[in-house]
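Asker: sequence first, predicted model second:
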Amino acid sequence: MVVTEELADELPAEAVEDAKARAATLLLAFRHGNQLAFDHELDLLCAEHAEREVTTLLAWIAAEAVRKAYAPEVGDRVLRSMARRAPADSGAVAVDEESADAARLIEAVAAGEVAEVRGLVASTADTTFLLGGLLQGVAMMLPLLPEGELAEITAELRRRHGGAAHVPEARAGV
């Protein structure tokens with residue numbers, strides 16, 4: 001039997017999975033350009049003083065990604081290049097509002113053009129704005145639904161996705 005000793009600054013074993021989940025949440029928000037989610041998670045981490053744990057896990061994730069994608073000597077060159085061109089303000093998430101075409105997405109969905117929908121989503125670097133535009137379009141269409149249709153649609157969605165969360169019914173003109 002091997003006995004391990006926990007170092008003073010080491011993350012306790014039971015907290016590793018939680019820290020991994022938080023690191024993944026932060027990475028997903030950054031990757032998809034969701035500044036609000038990124039800032040929210042970062043604020044939580046700072047309030048709980050979990051910066052060291054999450055930074056360590058993010059560095060580990062990045063090192064694993066580089067190790068799997070590049071030969072050792074190439075990986076070091078890639079990292080050096082990234083270090084040289086790091087942005088001065090690293091607190092902002094890269095977003096691309098211009099590539100998000102929610103109107104085309106709604107038209108493609110309405111026409112049942114699966115390939116067009118897939119192409120639009122795949123070609124949109126920042127899906128946050130695409131989905132935001134889609135939600136705005138849906139919100140604009142809600143007042144046009146006949147009485148009772150919204151309740152039927154939400155009931156069907158809950159059945160399909162097993163959602164038990166209560167969503168307040170939309171009011172006319174919202």
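Answerer: Looks like it came in fine.

Asker: only C-alpha atoms from now on, for both contacts and neighbour counts.
Answerer: Will do.

Asker: show me how far stretch 71-82 is from its chain's centre.
Answerer: Relative to its parent chain, stretch 71-82 has a centroid offset of 26 Å by C-alpha atoms, centre = their mean, to the nearest Å.

Asker: for that stretch, output the C-alpha coordinates as PDB.
Answerer: Provided in PDB are the C-alpha atoms of stretch 71-82 (Å, rounded to 0.1, in the frame of the first residue of the first chain):
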ATOM      1  CA  ALA A  71       5.000  16.700 -31.300                       C
ATOM      2  CA  PRO A  72       7.000  17.900 -28.200                       C
ATOM      3  CA  GLU A  73       9.300  20.200 -30.100                       C
ATOM      4  CA  VAL A  74       6.500  21.700 -32.200                       C
ATOM      5  CA  GLY A  75       4.200  22.100 -29.100                       C
ATOM      6  CA  ASP A  76       6.900  24.200 -27.400                       C
ATOM      7  CA  ARG A  77       7.200  26.400 -30.500                       C
ATOM      8  CA  VAL A  78       3.400  26.900 -30.700                       C
ATOM      9  CA  LEU A  79       3.300  27.800 -27.000                       C
ATOM     10  CA  ARG A  80       6.100  30.300 -27.400                       C
ATOM     11  CA  SER A  81       4.400  31.900 -30.400                       C
ATOM     12  CA  MET A  82       1.100  32.200 -28.400                       C
END
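
Asker: so is residue 87 in a helix, a strand, or just coil?
Answerer: Secondary structure, DSSP: H, G, I helix; E, B strand; the rest coil: residue 87 is coil.

Asker: ignore the last one, residue 33
Answerer: Criterion first, three-state DSSP; result for residue 33: coil.

Asker: hang on, it packs against residue 131?
Answerer: No: counting by C-alpha atoms under 8 Å, residue 33 stays clear of residue 131, with 11.7 Å between them.

Asker: between those two, tell me which one has more neighbours.
Answerer: residue 33 (22 against 16; other C-alpha atoms under 10 Å).

Asker: how about that one, phi and psi?
Answerer: phi 70, psi 30 (degrees, to the nearest 10).

Asker: how close does residue 104 get to residue 149?
Answerer: 24 Å (C-alpha to C-alpha, to the nearest Å).

Asker: which of those two has more residues huddled nearby?
Answerer: residue 104 (15 against 12).

Asker: run a quick neighbour tally on residue 47.
Answerer: For residue 47, the neighbour count with other C-alpha under 10 Å is 10.
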